[in-house]
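> task: produce atomic coordinates for the following.
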Amino acid sequence: MTVFFQLAVTAALALAVVAGTIAYFRAVRTARPPVGVFNGRDIFLMMGFVLALPYVYLALPGAVLPVVLALVFAGGLSVGYQPLVGDGRVRWALIAVLIASVLVTHLAFGETAPPYWVANSCVVGLVVVSATNLNVQGGMRLKNVAWFLLALAAYDAFFAWVVPLTQELADAVQGYPYAPAAGLRIGDDLGAVVGMGDLLAYALFTTTAYKAYGKPGLRTGTVLVVLFGAVAPVAALHLIAAATGDAPGIIPAQVFFGPAAFTAYQVLRRRGPERRMADIVFRRDRADAPRQTPVRAEARPAA
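Next up is the predicted model:
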């Protein structure tokens, strides 16, 4: 029962976030910052940010951490959904309702209750959709994402099995609202949680693959998310538990997804150069394009 619950919840959450990211990408054009194109230096800076962020979280006092996470969530929602809700007062009112719903459900039902995890998962999913589109529409290419995910796989493996930083961060947010994860827990027996970073990795690869190669890229990304983002980590968790008699604390999903995504990029690149944002026609662009009426040739008198 537990394995099927974890598979269903993990796959549903990953696919829901990917579907929301693709829908946003197809419908909304974000303002592109004047940063040029992504290169190896940008990936190095991103990895530096990823490395430093857990230490910043752990350095904060316990009661301050959820406040910082709530502010980060609110900022991500405000920037990402400005094209959809242009009125700042309305946008911030909606964000306040979302952020407050997480706190209220946590106080009313507790951190193991489904209402809290539903509210928290909605906020986390919306932030991932926002962050993904800001990066992809801002110039990130599939090559950049593939190398980033490969480096992230090594990072997750090291800090999960060598230096238990990931477990320390998970313990630090225990008992507080605004967990940087999505999932569903029903009491103490059933639970499935997907890290915010994992959801961002799935959305980044699938959306960038779709931008670069259209539907073949979208199909490839979706299959990888299901097989290596949901099935492989859950199966590995239960297989190790069955073989050793002791369930491991953490199975980093990126250990499976990162190498698979990098291999898929090597296959997709054979289709040719990646599409750029300038090559993609958005729905709003098609709707706003002026319609051209055919010009009829003037009738000439018969000779």
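
> what's the closest non-adjacent residue to D198?
Spatial nearest neighbour of D198, excluding adjacent residues (Cβ to Cβ, 6 or more residues apart in numbering): A253 at 4.8 Å. In this view, the C-beta of every residue, glycine as well, is placed from N, C-alpha and C.

> the one you found touches G229, doesn't it?
Yes: judged on Cβ atoms under 8 Å, A253 makes contact with G229 at a distance of 5.8 Å.

> more crowded one of those two?
With neighbours defined as other Cβ atoms under 10 Å, A253 and G229 compare such that G229 has more, 31 against 26.

> before we move on, back to that, please report phi then psi for the residue nearest to D198.
The phi/psi pair for A253 (degrees, to the nearest 10) reads phi -60, psi -30.

> got a list of what it touches?
Neighbouring residues of A253 by Cβ atoms under 8 Å, 6 or more residues apart in numbering: D156, V194, G195, D198, F228, G229, A232, P233.

> so which strand or helix has the second one?
This means V194. Element membership of V194, judged by DSSP states H and E, is strand 190-195.

> got the residue ranges for the helices in this protein?
Along the chain, counting by DSSP state H, helices occupy 2-27, 40-59, 64-80, 88-109, 114-136, 142-161, 165-172, 196-213, 215-224, 232-244, 254-268, 283-288.

> who's in contact with L94?
Contact partners of L94, counting by Cβ under 8 Å, 6+ apart, are V85.

> for it, give me the pLDDT.
We have a pLDDT of 95 for L94.

> the one 4 residues further on now?
Note on L98: pLDDT of 96.

> ok, the closest residue to it other than its chain neighbours to T105 distance?
Spatial nearest neighbour of L98, chain neighbours left out: V123 (5.3 Å); criterion: Cβ to Cβ, 6+ apart. According to Cβ to Cβ, to the nearest Å, V123 and T105 sit 11 Å apart.

> closest one to A181 among the helices of the chain?
When the helices of the chain are compared for distance to A181 using Cβ to Cβ, the nearest one is helix 196-213, at 5.7 Å.

> could I get the average pLDDT for the closest one?
Mean predicted lDDT for helix 196-213 stands at 94.

> using PDB, list the CA coordinates for that helix.
Extracted as PDB, the C-alpha positions of helix 196-213 are listed here (Å, rounded to 0.1, in the frame of the first residue of the first chain):
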ATOM      1  CA  MET A 196      11.100  21.700  -4.300                       C
ATOM      2  CA  GLY A 197      14.500  21.400  -6.000                       C
ATOM      3  CA  ASP A 198      13.500  18.100  -7.600                       C
ATOM      4  CA  LEU A 199      10.300  19.600  -8.900                       C
ATOM      5  CA  LEU A 200      12.300  22.600 -10.300                       C
ATOM      6  CA  ALA A 201      14.700  20.100 -12.000                       C
ATOM      7  CA  TYR A 202      11.800  18.200 -13.700                       C
ATOM      8  CA  ALA A 203      10.100  21.400 -14.900                       C
ATOM      9  CA  LEU A 204      13.300  23.000 -16.100                       C
ATOM     10  CA  PHE A 205      14.300  20.000 -18.200                       C
ATOM     11  CA  THR A 206      10.900  19.400 -19.700                       C
ATOM     12  CA  THR A 207      10.100  23.000 -20.500                       C
ATOM     13  CA  THR A 208      13.500  23.700 -22.000                       C
ATOM     14  CA  ALA A 209      13.300  20.500 -24.000                       C
ATOM     15  CA  TYR A 210       9.900  21.600 -25.300                       C
ATOM     16  CA  LYS A 211      11.300  25.100 -26.200                       C
ATOM     17  CA  ALA A 212      14.300  23.500 -27.900                       C
ATOM     18  CA  TYR A 213      12.700  20.700 -29.900                       C
END
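
> got the angle between that helix and helix 165-172?
120 degrees (axes from the mean of the first three to the mean of the last three Cα atoms, to 10 degrees).
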